[in-house]
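> Here's my sequence, what's the structure:
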Amino acid sequence: MKKNIISLILISTMALPSLLGCTSSSIPANETPSNGTSGNGNPLIKDTGQVVISLATELQTLNTFAMQNIVTNECISNIYDTFLNVADDGTIIPNVAESWEWIEDENKYRFKIKKG
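This next block holds a predicted model:
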C-alpha cells in the first residue's frame with residue numbers, strides 16, 4: 001500500500017509539469033499583444049534596420065580571398081558588392097561600376113563608379 005502511494009505521488013509529480021506546459025494562450029492567434037511579446041512571452045521581431053541571416057554552418061571568414069564554401073560566399077555577397085557582374089550569356093555587365101576602360105600603357109583598368 002505504501003509503495004502504491006509513493007508511486008502515485010512520483011507519477012503525479014512528473015506528469016504535472018508536462019500538463020502545465022500544455023495550457024493555451026489567453027491571446028487569440030490573430031491578435032498581436034500590446035506588450036511586444038508573443039502569447040507565450042517570447043519577444044516579437046521588431047524592425048531594427050538590421051539584416052539577420054541564418055547560416056547552415058559557421059561562417060569561415062569575411063576575407064573575400066579566403067572564402068572556400070557556399071555559406072561563406074552567400075554571406076559575403078550580402079556585405080560586399082562587385083564592380084561588374086557576369087550575365088547568363090557570359091557577357092560582362094556593369095554593377096557598381098558605371099563604366100570601365102583598360103589603360104594599356106599602365107597595364108590596369110580604370111572604373112567609373114555609379115553615384116549613390
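> Spell out, range by range, the helices that occur in the protein.
For the chain, the helices defined by DSSP state H cover 2-20, 70-77.
> Export only the CA atoms of the shortest one, formatted as CSV.
When you say that, I think you mean helix 70-77. The C-alpha coordinates for helix 70-77 follow below in CSV (Å, rounded to 0.1, in the frame of the first residue of the first chain):
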residue,chain,number,x,y,z
ILE,A,70,29.0,28.3,-50.3
VAL,A,71,27.7,29.6,-46.9
THR,A,72,30.6,32.0,-46.6
ASN,A,73,30.2,33.1,-50.2
GLU,A,74,26.5,33.8,-49.7
CYS,A,75,27.1,35.8,-46.5
ILE,A,76,29.9,37.8,-48.1
SER,A,77,27.8,38.6,-51.1
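> Just the buried residues of that helix, please?
Thr72, Cys75, Ile76 (16 or more other CB atoms under 10 Å). Placement of C-beta: from N, CA and C, glycine included.
> The second one contacts Leu59, correct?
Yes. Between Cys75 and Leu59 there is a contact under CB atoms under 8 Å: 5.7 Å.
> Least reliable of the helices of the chain by average pLDDT, please.
Looking at those, the lowest mean pLDDT belongs to helix 2-20 (a mean of 62).
> What separation is there between Asn73 and Asn107?
Using CB to CB, to the nearest Å, Asn73 is found at 29 Å from Asn107.
> Same check on Thr91?
Relative to Asn107, and taking CB to CB, Thr91 is found at 24 Å.
> Can you lay out the buried residues of helix 70-77 as a markdown table showing distance to Val52?
Below are these laid out as a markdown table (distance: CB to CB, whole Å):
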| residue | distance to Val52 |
| --- | --- |
| Thr72 | 17 |
| Cys75 | 12 |
| Ile76 | 16 |
